[in-house]
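J.: Sequence below, structure please.
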Amino acid sequence: MLAEDQAMVRGALKALLSLEDDITVVADVGRGDQIVETAIAVRPDIALLDIEMPGMDGLVAARALRDALPSCRSIMLTTFAQPGLVRRAIESGAQGYLLKDAPDYELARAIRRCAAGESVIEPSLAFEALAEGASPLSSREREVLAESERGGSIADVAKALSLSEGTARNHLSAVIQKLSARNRADAARIARGKGWL
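T.: As a prediction, this is how the structure comes out:
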């Protein structure tokens, strides 16, 4: 199953995979919030997921797919070569992480390897993810930082997340300190650059 929001890319992937005798694309979707429902209906062995999609990102979808259909193995197919995203993908239950600029023959090879029970991650990315370490941010701190990145005031962040202003301010202060950032915009830039946000 393919999940890619760009129709042309999705069509190209489908055409590329149709050239393989042992791989059949049973479904393709353009939104992250369509992944689990579609997978339950068609029961694919492998789900090829983009990270950034409308409705739900691929990382959240991989976790939901793992819970709803454990027999389906997920491969993230993305342009983002960020160690933090690799780690988050693995934590979400993905068994593969492949960059879109990899040679085209790598895609079918990765699908076959994942279907055989292997994990497929480009070695240099895996090493960088291990060297970088885990994100120092809690899930709530990531949520508050992501909301603040939209540019609203502390009151706006607090309201959007059903927090008190003091709690939102405390989370942002902790994030800024943990990331050695100058302010919340700098913290968001640092966290996004490392793939933690």
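J.: Could you pull out the buried residues of the top helix by length along the chain?
T.: Determined from DSSP state H, the single longest helix within the chain is helix 165-178. Buried residues in helix 165-178, counted by 16 or more other Cβ atoms under 10 Å: 168, 169, 171, 172, 174, 175, 176, 178. The way it works is simple: take the backbone N, C-alpha and C, and place the C-beta from them, glycine included.
J.: can these go into JSON lines with extra columns for pLDDT and distance to residue 159?
T.: Formatted as JSON lines, those follow (pLDDT from 0 to 100; distance: Cβ to Cβ, whole Å):
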{"residue": "168", "pLDDT": "92", "distance to residue 159": "9"}
{"residue": "169", "pLDDT": "91", "distance to residue 159": "13"}
{"residue": "171", "pLDDT": "92", "distance to residue 159": "14"}
{"residue": "172", "pLDDT": "92", "distance to residue 159": "14"}
{"residue": "174", "pLDDT": "92", "distance to residue 159": "20"}
{"residue": "175", "pLDDT": "91", "distance to residue 159": "19"}
{"residue": "176", "pLDDT": "92", "distance to residue 159": "21"}
{"residue": "178", "pLDDT": "89", "distance to residue 159": "24"}
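J.: What segments of this structure are helices?
T.: So, for the chain - with DSSP H - the helices run 7-18, 35-42, 58-68, 83-91, 104-115, 123-132, 139-148, 154-160, 165-178, 184-194.
J.: Nearest to residue 49, out of those helices?
T.: Residue 49 lies closest to helix 58-68 among the helices of the chain, at 3.9 Å (Cβ to Cβ).
J.: Just list what that closest one packs against, helices and strands only.
T.: Identification of packing neighbours for helix 58-68 by 3 or more Cβ pairs under 8 Å, 6 or more residues apart in numbering; DSSP states H and E yields helix 35-42, strand 46-49, strand 73-78, helix 83-91.
J.: Now render those as TSV, adding distance to residue 155, mean neighbour count and mean pLDDT.
T.: Formatted as TSV, those follow (distance: least, Cβ to Cβ, whole Å; neighbours: other Cβ atoms under 10 Å; pLDDT from 0 to 100):
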stretch	distance to residue 155	mean neighbour count	mean pLDDT
helix 35-42	34	17	97
strand 46-49	36	25	97
strand 73-78	35	26	94
helix 83-91	29	22	85
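J.: Any chance of those in CSV with distance to residue 145 as columns?
T.: Shown next, in CSV, are the helices and strands packed on helix 58-68 (distance: least, Cβ to Cβ, whole Å):
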stretch, distance to residue 145
helix 35-42, 25
strand 46-49, 24
strand 73-78, 21
helix 83-91, 13
